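Chemist: Okay, sequence plus prediction incoming.
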Amino acid sequence: MPDFAVEANNIVRTFNDGDVQALRGVTLHVPRGEVFGLLGPNGSGKTTMVRILSTILSPTSGTAAVDGFDVVKHPDEVRRRIGLAGQYATVDENLTGLENLRMIGSLNHLERSFVVTRAKELLEEFGLSDAANRNVKTYSGGMRRRLDLGAALVASPPILFLDEPTSGLDPQSRQDLWTIIENLVEGGTTVLLTTQYLEEADRLCKQLVVLDKGMIIAQGTSQELKTRLGATVLSLSFHTTGDAARGIELIRDVSAKPANVEGTVVELTVEGGPAAAADALRRLDAAHVTLAGLTLREPSLDDVFLSLTGHKAEDEPAATESESGSKRKARA
Amino acid sequence: MTIATQTSYSSKSSLHWAVSDVLTIARRNMLAIIRIPTALVFTILQPIMFVLLFRYVFGSGAIPIPIKGGYVNFLLPGIIVQTTIFGAVGTAIGLAEDLQRGLIERFRALPMSRMAVLAGRTVSDLGRNVLVLIIISLVGFAVGFRPHGGVMDYLFACLITLLFAYCLSWGFAYVGLAAPNSEAAQAMTFPLIFPLTFVSGIFVPISKMPGWLQPFATYQPVSEVTKAVRYLMDGSNQMIPTPGNSIWVAIIWSVGLIAILGPLATAKYKKVA
């Protein structure tokens, strides 16, 4: 058995004859039996990476192997070992939940009697038994995602690719999916998960890489990244931009990281949240600069990016992920 | 996780699974046809309307056809060809929709037969066309169509029509894969099917068309197929006796079309997604 569930070496993928570089040399080693995270904003290349690893797209250069099988040379072997569920919840609206799972089972070349048992098991497991014989059209967003994940699991693949499995879901549905993913990993499944949410990566992923513009800009365990980032964001809002300019001079050295200023709001990534806040307040008070507001919060993906790259995580124009398939799905 | 069932991959041959994949996809498409009321109405109502409109608007003397049974006997074999071609357009719309929804991406990540998405789609459209043919025939008989050929000839004529529409649907598969969405796919088929069905011998005798249109109208494949169908359904009753070889011409056109359109659509399928 190969050491890694997924190995990718220097994957490059360009679109439109090289005009758009979606991936610029990504190397990944995903260990077995854990959740590995690909964290990044829209257009960072996450989905392109998943499409390459799931044999939908071929890399422009570089090699990738899933469970030891090259994705270009042995795509069918790869397909027998993976499950794919995505942000677009690609289930058939005109079929019932049960019919969807039976269709995917049959297309996975599983025996019919097995598929029926397995489909019922999964529907039960994911709380969809009551809706099993209803058209998917009537399902809520959370139900569709669970069914989509169920479809990816019909053949019990050892490796699962989840492309932004919780984007656009309400908090409860997100929690439900997280629990499902955790249970799967406990059962020995390897999961490669893409996400835009730091919180999700933190909760699920043992290791993660951060992608920006098709390149890995940081990697390590969630804890390591958080330590590098600083745990808290101190956000101060001033009454005027003049106050903000004065304020930033006074509190600049509260944090070792650069401050981010937008209008009258100054943000600092700090190590000890409350102590840093108190320190900042003391300095401002001494200089008679008054505040309009102060908050302490967990770092967001934007903060991660600011901290790692010095620029904000911007949504790039659709072009980066643009290739026939993704453009069509823009409405989703 | 409590799921205990062990995955059991089958040991059956790859040919078995290729056929199974095609039927699985075809079945899924057929279910969609039944479950989307608008699609069902479109499938069944539209051809009925065509029969009734042409039968009563043009067939009540506006287009005099000097054969026994009059215009309705001229029209019905042609409209059978026309409705099956319109039915094959569904291939373009269905594939464009699947692409748009991301279903084809999911299919591409499965260990299924590469051909099954296109073959399954064209097969289900063929199934729908069989249904449409039965309905059109019944409506035709109800409004006065009286074929003079035998039952076997009639069935043979239907088979030739279905074969031609099936082969043509591979061309529409290409259109569906090339279109950015299903609305565009539908729009893109119009400039193809309207000249093919209207500048043909389906609705009016080609000899009544302007001279510059006649060569295209005479030799384009839809006219050839219509000729064969008329010959079989109403052989003894032709204004201009159709040579028996029109059947062969229709079959050759069909086989020729799929020989070109099949690989084109397959290559396009490999490129998209």
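Modeler: Perfect, I can see it now.

Chemist: any idea what the nearest residue to residue A:107 once chain neighbours are set aside is structurally, helix, strand or coil?
Modeler: Using Cβ to Cβ, 6 or more residues apart in numbering or on different chains and skipping residues adjacent in sequence, the residue nearest residue A:107 is residue B:112, 4.2 Å away. To be clear about C-beta, it is placed using only N, CA and C from the backbone, and glycine gets the same treatment. Following DSSP: H, G, I helix; E, B strand; the rest coil, residue B:112 is assigned to coil.

Chemist: just residue B:87 next, same as before
Modeler: Per three-state DSSP, the secondary structure class of residue B:87 is helix.

Chemist: do residue B:144 as well
Modeler: The three-state label given to residue B:144 by three-state DSSP is coil.

Chemist: For it, list the residues it contacts.
Modeler: By Cβ atoms under 8 Å, 6 or more residues apart in numbering or on different chains, the residues touching residue B:144 are B:55, B:69, B:72.

Chemist: will you turn the residues you listed into JSON lines that also has distance to chain A, secondary structure and pLDDT?
Modeler: Below are the contacts of residue B:144 laid out as JSON lines (distance: Cβ to the nearest Cβ, whole Å; DSSP: H, G, I helix; E, B strand; the rest coil; pLDDT from 0 to 100):
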{"residue": "B:55", "distance to chain A": "34", "secondary structure": "helix", "pLDDT": "89"}
{"residue": "B:69", "distance to chain A": "42", "secondary structure": "coil", "pLDDT": "77"}
{"residue": "B:72", "distance to chain A": "37", "secondary structure": "helix", "pLDDT": "88"}
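
Chemist: So among these, which ones count as buried?
Modeler: Among the contacts of residue B:144, those scoring as buried are B:55, B:69, B:72 (criterion: 16 or more other Cβ atoms under 10 Å in any protein chain shown).

Chemist: Setting aside sequence neighbours, what's the nearest residue to the second one?
Modeler: Just to be clear, that refers to residue B:69. The shortest distance from residue B:69 to any non-neighbouring residue, by Cβ to Cβ, 6+ apart, is to residue B:146 (5.4 Å).

Chemist: Would you agree the one you found is in contact with residue B:74?
Modeler: No. Contact criterion Cβ atoms under 8 Å: residue B:146 and residue B:74 do not qualify, at 11.9 Å.

Chemist: that older thread, what number of residues lie near the residue nearest to residue A:107?
Modeler: Using other Cβ atoms under 10 Å in any protein chain shown, residue B:112 has 25 neighbouring residues.

Chemist: For it, give its distance to residue A:103.
Modeler: Per Cβ to Cβ, to the nearest Å, residue B:112 is found 10 Å from residue A:103.

Chemist: near chain B, which residues of the stretch 151-300 of chain A?
Modeler: A:151, A:153, A:155, A:156, A:183, A:184, A:186, A:187 (Cβ under 8 Å from any Cβ of the partner chain).

Chemist: Just say helix, strand or coil for the fifth one.
Modeler: Which is residue A:183. Going by three-state DSSP: residue A:183 is helix.

Chemist: what bits of chain B have low per-residue confidence?
Modeler: Scanning chain B for pLDDT under 70 picks out B:1-11, B:235-244, B:273.

Chemist: mind listing the helices for it?
Modeler: Along chain B, counting by DSSP state H, helices occupy B:14-35, B:37-53, B:71-88, B:90-101, B:103-108, B:116-142, B:151-178, B:182-198, B:214-219, B:221-234, B:246-271.

Chemist: what bits of the stretch 151-300 of chain A have low per-residue confidence?
Modeler: For the stretch 151-300 of chain A, the stretches flagged by pLDDT under 70 are A:227-231, A:254-258, A:299-300.

Chemist: Would you map the helices across it?
Modeler: Applying DSSP state H, counting those that start in this stretch to the stretch 151-300 of chain A gives helices spanning A:171-186, A:198-204, A:222-229, A:241-251, A:273-286.

Chemist: same check, this time on the stretch 1-150 of chain A
Modeler: Per DSSP H, counting those that start in this stretch, the stretch 1-150 of chain A carries helices over the ranges A:46-53, A:75-79, A:97-107, A:112-125, A:141-153.

Chemist: Between residue B:146 and residue B:74, point out the one with more neighbours.
Modeler: Taking other Cβ under 10 Å, residue B:146 and residue B:74 do not tie; residue B:74 has more neighbours (27 against 14).

Chemist: Which residues are in contact with that one?
Modeler: By Cβ under 8 Å, 6+ apart, residue B:74 lies in contact with B:65, B:67, B:205, B:230.

Chemist: ditto for residue A:143
Modeler: Residue A:143 sits next to A:97, A:128, A:131 when contact means Cβ under 8 Å, 6+ apart.

Chemist: wait, the last one sits on residue A:98?
Modeler: No. Assessed by Cβ under 8 Å, residue A:131 is found out of contact with residue A:98, at 9.2 Å.

Chemist: Quick check: neighbours shared by the two?
Modeler: Shared between the contact lists of residue A:131 and residue A:98 (criterion: Cβ under 8 Å, 6+ apart) are residues residue A:123.

Chemist: nearest residue to residue B:32 other than its sequence neighbours?
Modeler: Closest residue to residue B:32 apart from its sequence neighbours, by Cβ to Cβ, 6+ apart: residue A:94 at 3.9 Å.

Chemist: could you pull out the strands for the stretch 201-332 of chain A?
Modeler: Assigned by DSSP state E, counting those that start in this stretch, the strands in the stretch 201-332 of chain A fall at A:207-212, A:215-221, A:232-238, A:260-262, A:265-270, A:291-297.

Chemist: okay if I get the contacts of residue B:74 as TSV plus neighbour count and distance to chain A?
Modeler: Output for those, formatted as TSV (neighbours: other Cβ atoms under 10 Å in any protein chain shown; distance: Cβ to the nearest Cβ, whole Å):
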residue	neighbour count	distance to chain A
B:65	17	43
B:67	14	45
B:205	15	43
B:230	27	38
